[in-house]
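Q: no sequence on this one, just coordinates:
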């Protein structure tokens, strides 16, 4: 199997060999899709904050990318999903809503 010099797997391999522009190209290709994925799940403002974290996480973990897959989009969406999970887990627990069942004795839910 010959790899396409323009596929994401090859770009990631080149970035691991020291070509800094190669990973920038991967980001450029998928930034809109990953940003839209985040925005649909957490809103535009938080998505803008998380998007940078997604790229840092992808850059630092790119050695674990399975280069038998030429398109990195599913992997990057997975990185984004994990970033969302990490964000929600890091938030303080919300106070539970008070039991209001006794306040409306005439009301039958």
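A: Nice, thanks for sending it over. Because the structure is predicted, anything quoted here is derived from the model rather than measured.
Q: Apart from its chain neighbours, what residue comes closest to residue 33?
A: residue 73 (6.2 Å; CB to CB, 6 or more residues apart in numbering). Any C-beta I mention is one placed from the backbone N, CA and C, and that applies to glycine too.
Q: can you pull out the helices in the chain?
A: For the chain, the helices defined by DSSP state H occupy 8-16, 20-42, 44-61, 73-90.
Q: now those helices in CSV, with mean neighbour count, distance to residue 67 and mean pLDDT?
A: Below are the helices of the chain laid out as CSV (neighbours: other CB atoms under 10 Å; distance: least, CB to CB, whole Å; pLDDT from 0 to 100):
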stretch, mean neighbour count, distance to residue 67, mean pLDDT
helix 8-16, 19, 4, 97
helix 20-42, 16, 12, 96
helix 44-61, 16, 13, 96
helix 73-90, 15, 10, 95
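Q: Correct me if wrong: the residue nearest to residue 33 contacts residue 30.
A: Yes: the pair residue 73 and residue 30 qualifies as a contact (CB atoms under 8 Å) at a distance of 5.5 Å.
Q: what residues are shared contacts of the two?
A: Counting by CB atoms under 8 Å, 6 or more residues apart in numbering, the common neighbours of residue 73 and residue 30 are residue 8.
Q: Next up, the contacts around the residue nearest to residue 67 when sequence neighbours are not counted.
A: Counting by CB to CB, 6+ apart, residue 67 lies nearest to residue 9, which is 4.0 Å off, once chain neighbours are set aside. With contact set as CB under 8 Å, 6+ apart, residue 9 has these partners: 3, 65, 67-70, 72.
Q: Going by neighbour count, which of those comes out on top?
A: For these, neighbours were counted using other CB atoms under 10 Å, and residue 72 has the most, 24 neighbours in all.
Q: Name the nearest residue to that residue, ignoring sequence neighbours.
A: Nearest one to residue 72, counting by CB to CB, 6+ apart, is residue 8 at 3.7 Å.
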